[in-house]
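> any chance you could fold what I've pasted below:
(3 chains)
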Amino acid sequence: MRLLQSTQMRRVLGLGPALGIIGFFMVVPIAIIIVFSFMKSNPYGGVNPEFSLEAYKQFLFERNLMDELVFNAAYLRIFGRSFLLAIGTTALCLLIGFPTAYYMSRQPARRKNLMVFLVTIPFWTNLLIRAYCWILLLRDTGIINNYLIKWGIIDEPLTMLYTNFAIFLGLVYTHIPFMVLPIYARVEKLDFNLLEAAHDLYASRQQLMRHVILPLAAPGIIAGSLLVFVPCLGDFIIPNLLGGGKHLMIGSLIQLQFGGSRNWPFGSAAALILMSFVLIAMMIYVWGPGRKMKPEGDA
Amino acid sequence: MPKPAIEIKNVTKIFQGHTGHPVTALDHVSLTIEDNEFFTLLGPSGCGKTTLLRLIAGFEYPTQGEIVLFGDSIRGLPPQQRPVNTVFQHYALFPHMTVAENVGFPLKMQGQRPDEMTRTAARMLDLVKMADFGDRMPDQLSGGQQQRVALARALAPQPKVLLLDEPLSALDLKLRQEMRVELKNLQRQTGITFVFVTHDQVEALTMSDRIAVMSMGRLQQEGTPIAIYEQPVNRFVADFIGETNFIQSTIAGIENSGARCTIGPGTTLGTGATADKGKGDAVTLAIRPEKIRLVKSDGAADGLQGRVAECIYTGTDTNYQVELENSDVRLVVRGRNAITGETLFKVGETVVLNVAEGAARILAD
Amino acid sequence: MRSSTTSGPNPAGEKQFVIGRFPGFAATSWIFLLYLYIPIFLLIIFSFNASHSATIWHGFSLEWYLKAFGNDDVQRAAVNSLIVAFIATVVATVVAVFAALILARGGRFRGRGLSYGILMLPMTMPEIVTAVATLSFFTAIKLDIGLGRVVIAHTVFCIPFAFLPIRARLQGMDTTLEQAAQDLYANEWQTFRYVTLPLLMPGIISGAMLSFIISIDDFIITLMVAPAGSTTLPLYIYGMVRMGVTPEVNALSTVMLAISLVFVSTSYLIGRKKQAGTANQ
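Below you'll find the model as predicted:
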């Protein structure tokens, strides 16, 4: 009994500080924005403590001059655009990331380590700076346009920055390591004998890929897709810098409500909706088909 | 005349080693494996036996030479186009498929209809006594069971040749002995040519119709188990298979049946054959320990005399180390133990060694 | 039944079927790496450009580095960044070590899964959500402690980054070494002090380094919670980028890249260093 108490005590003391910090400064704040989302906005910042569903209504309706609710698709469009961009980014990341992860895993040990390292570095470098690199390249007076004009290939600068294309390019660029690494962690563990066995048992290259490699890499693919999709959906820097704030995504919409627009309840509601998308995605991942085979690869 | 199952024609395989130096895994190996034969490639690790197996399977390609399967060259054919299947050392069962799906896999790849596939898979599982395990996942099976599934899977597409890469090495002793018998039976039942790779001489001797002994990428000897054991052609084969006494000697004279070799001052031994050696040549003699019989010495000096230097009791037998009289040669002699359970001779006893006619062999190298 | 190739000499250049190789995969990989690195290399190159133009090459110069380092605002922002990163890293790493010891070694208990989930929460939550939630919280409790707000927010999201490498190290550790220590009369504290902790050290250093970079690099959360006067380097750079592309931004960005690179490489090398009692990888 005493032993039980002491291990119990140790668990509390050991986990207490970490859970306390995260609990108090993360879980409580989330509870607070839940409360905020049901209040009225204060035009000078913050909220007025009165119950209201205004924030949620605002997603679909706006009040006209006669104070009537009329349908307004502007925010739906922003959500739609965010989803499309996030899905598109995930798909392109997968298309590039899978072959890369697989190819990396088949390299000799030294080159393999080097390639993993090369993919990991951008993962740990400043997102802002990586977005800035593309501004440098894509601007009307950027490196690409300047040199294309200098070499006489074009006369007028191509408009590349502040377009959906730029956002897409930037999203793929900043998120693709999240796709490569979990897939790599899976396929790297693939027993080479399995490939030989499949060929030995008459599988063609395509059949080997479809029936053996892809199913075994599936948990990595699912994890990678989530790791790309979730942050993409809420991304703020890329649409802000490369989209120039013209092409809003959910993340920028939320940020705006706490910044210039000063509608905290609406911002809170938008944040909660984003959060629930993420939770749904996580639940699919945890309780869905990939359950048994979580990726072990930590970044 | 039926075509041989596999002809290995002068095959060489050179790998690029880790340090960048080429490593010769197979050095001009030629072999013929007959149809419906249980053929074993035997040798220590690194002798090239697994490489040869992988060349037949199509996982690697020869640097030189050619492999012919039932009269057709299979040069350049990828593994999925060879009517040859492998049982891998660690089985390589697909972890994400059930046992039945694993066994059905090759059939699915060959485009069999699902119902036909299920039937064949069930029949194969029945054949290896795993009929009740079709729905299990591979990681729910014991090593022996995984082994059986791997066998069923490799046999399911009815290959012309089954390649087995040390399939018993991961099993414990009891199971291994059981599987030896079963593998042999399976080969007889199916009539498929088995090519079996092992480093275990007992496995090789008990199961094979014929054995090829390999070392350092070269074929050392090819023959039936009895021929390999009784007439090893060189020191490596004699040493690797069973236990052997090696004696440095010179030929004192040629007799009608063989040679007479000097093994000490005034002591000679008759051999079965001369191996193309002549009088005065230095040779190595090989004698199996069980081919020598010890008798108590009655003082009269006739035959080979010696003194027991060491007694090692092994249950059914006792291994004696006998020092020959007038010579520094020490021979290992194996003697059956008496029914009383005692060793027949004691350390220090003087004994006479009776060597059976032809038991001593002159080695070719 | 099977096709067969004709016999004859085997020319060295003959195309052979290579198991596990798929056409196009190699090209995709190398193009991917180029895509990943060309923009970064261009940024670095142009940070040494001897011209006001940030995007046309005129010659080599360190002018922009000198200018950036000489800027008072940059210096203040850098000091703020370092203070925040240092405190957040130390606190996060210490609490992560204890949490990891309990979660990796403390056996099974109720709430273990939940504890793990909460620890990972800052990593799984979209940053913008964390950012606005933290801002709302600080406003609601009227917490007005200047840079302290940034320190608290950073500590929270650094915890999982410190935790993961430490836990990975613990999981790879062979418990027989600890058993051996106890067999050799070490008490619990001594076992921890002389066996567990030294073996765990690479994981701790690795976790601390990652926390440090994550903190130094953070932008979104800092943007939301930092009160006026508590600018960090990324916030400063963001402000400059919004004003326009200047070579000075290139120089500052390159410095930040270099810091990240040094830290990741060190963390990676330490993490890779094999020690007795640790499983491969």
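> so which bits of the helix or strand hosting A:Leu171 are buried?
Assigned by DSSP states H and E, A:Leu171 falls within helix A:164-187. For helix A:164-187, the buried set under the neighbour-count rule, 16 or more other C-beta atoms under 10 Å in any protein chain shown, comprises A:164, A:166-187. (Each C-beta comes from the backbone N, C-alpha and C, glycine too.)
> ditto for stretch B:92-110
By neighbour count on 16+ other C-beta under 10 Å, the buried set for stretch B:92-110 is B:92-94, B:96-109.
> from chain A, how far off is C:Ser211?
11 Å (C-beta to the nearest C-beta, to the nearest Å).
> any idea of the mean pLDDT for the helix or strand containing that residue?
Remark: C:Ser211 resides in helix C:197-217, with elements defined by DSSP H and E. Average pLDDT, helix C:197-217: 87.
> around chain A, pick out the residues from the stretch 51-200 of chain B.
B:57-59, B:78-82, B:84-86, B:88, B:90, B:92, B:94-96, B:105-106, B:108-110, B:153-154, B:157 (C-beta under 8 Å from any C-beta of the partner chain).
> need the pLDDT of the residue nearest the centre of chain A.
Nearest residue to the geometric centre of chain A (C-alpha atoms, centre = their mean): A:Pro231, 1.8 Å. Note on A:Pro231: pLDDT of 85.
> swap in A:Gly290?
On pLDDT, A:Gly290 comes in at 48.
> check C:Ala168 too.
pLDDT, C:Ala168: 85.
> same question for the one 5 residues further on.
Predicted confidence (pLDDT) for C:Met173: 76.
> just give me the neighbour total for A:Leu85.
Using other C-beta atoms under 10 Å in any protein chain shown, A:Leu85 has 23 other residues around it.
> which residue is the nearest non-sequential neighbour of B:Pro78?
Nearest residue to B:Pro78 in three dimensions, chain neighbours excluded: C:Phe17, at 3.5 Å (C-beta to C-beta, 6 or more residues apart in numbering or on different chains).
> state the phi and psi torsions of that neighbour.
According to degrees, to the nearest 10, the main-chain angles of C:Phe17 amount to phi -80, psi 120.
> which ones are touching it?
Residues counted as contacts of C:Phe17 (C-beta atoms under 8 Å, 6 or more residues apart in numbering or on different chains) are B:Gly58, B:Gly76, B:Leu77, B:Pro78, B:Pro79.
> swap in A:Tyr184?
Each residue near A:Tyr184 by C-beta under 8 Å, 6+ apart is listed here: A:Ala101, A:Met104, A:Ser105, A:Val116, A:Val119, A:Gly220, A:Gly297.
> who touches the third one in this structure?
So that's A:Ser105. A:Lys112, A:Tyr184, A:Val187, A:Glu188, A:Leu190.
> let's see that with 7 Å instead.
A:Lys112, A:Tyr184, A:Val187, A:Glu188 (C-beta atoms under 7 Å, 6 or more residues apart in numbering or on different chains).
> okay, those in CSV with pLDDT next?
Supplementary listing: those in CSV, determined by pLDDT from 0 to 100:
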residue, pLDDT
A:Lys112, 88
A:Tyr184, 92
A:Val187, 90
A:Glu188, 88
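> now the two most distant members of these.
Using C-beta to C-beta, these reach their maximum pairwise distance at A:Lys112 and A:Val187, which is 11.3 Å.
> now do the SS call for the residue nearest to C:Pro247 when sequence neighbours are not counted.
The shortest distance from C:Pro247 to any non-neighbouring residue, by C-beta to C-beta, 6+ apart, is to C:Trp64 (4.3 Å). Judged by DSSP: H, G, I helix; E, B strand; the rest coil, the three-state class of C:Trp64 is helix.
> what is the neighbour count of C:Trp64?
By other C-beta under 10 Å, the residues close to C:Trp64 number 24.
> look up how far B:Ala92 lies from it.
If you measure C:Trp64 against B:Ala92 using C-beta to C-beta, to the nearest Å, the figure is 58 Å.
> hang on, the earlier thing: how close does the residue nearest to the centre of chain A get to C:Thr134?
For A:Pro231, the distance to C:Thr134 equals 17 Å [C-beta to C-beta].
> for the residue in the stretch 151-300 of chain B that chain A sits nearest to, grab phi and psi.
Chain A sits closest to B:Pro157 of the stretch 151-300 of chain B, with a gap of 6.5 Å, by C-beta to the nearest C-beta. Per-residue torsions, B:Pro157: phi -80, psi 10 (degrees, to the nearest 10).
> confidence score at it?
So B:Pro157 comes in at 89 (pLDDT).
> thought it was touching B:Leu107?
Yes: counting by C-beta atoms under 7 Å, B:Pro157 touches B:Leu107, with 6.3 Å between them.
> by pLDDT, give me the weakest of the contacts of A:Tyr184.
Ranked by pLDDT, these bottom out at A:Gly297 (36).
> can you count the residues close to the residue of the stretch 201-350 of chain B found nearest chain C?
Nearest residue of the stretch 201-350 of chain B to chain C: B:Gly217, at 18.2 Å (C-beta to the nearest C-beta). B:Gly217: 22 surrounding residues under other C-beta under 10 Å.
> in contact with it, which residues?
B:Gly217 makes contacts with B:Thr24, B:Ala25, B:Leu26, B:Asp27, B:Cys47, B:Gly48, as judged by C-beta under 7 Å, 6+ apart.
> ramachandran coordinates for it?
Note on B:Gly217: its backbone torsions stand at phi 80, psi 0 [degrees, to the nearest 10].
> returning to what we had before: so what's the residue nearest to C:Pro247 scoring on pLDDT?
83.
> what is the neighbour count of the residue of the stretch 151-300 of chain B closest to chain A?
Using other C-beta under 10 Å, B:Pro157 is surrounded by 20 other residues.
> for B:Leu344, same thing?
The number of residues packed near B:Leu344 is 18, by other C-beta under 10 Å.
> tell me the secondary structure for it?
Strictly by three-state DSSP, B:Leu344 counts as coil.
> just checking, it touches B:Val333?
No: counting by C-beta under 7 Å, B:Val333 is not a contact partner of B:Leu344; they are 10.9 Å apart.
> returning to what we had before: greatest separation within the contacts of B:Gly217: which pair is it?
Of all pairs drawn from the contacts of B:Gly217, the greatest distance, 11.8 Å, lies between B:Thr24 and B:Cys47 (C-beta to C-beta).
> comparing the two, which residue is more hemmed in?
Taking neighbours as other C-beta under 10 Å, B:Thr24 and B:Cys47 compare with B:Cys47 leading, 25 against 16.
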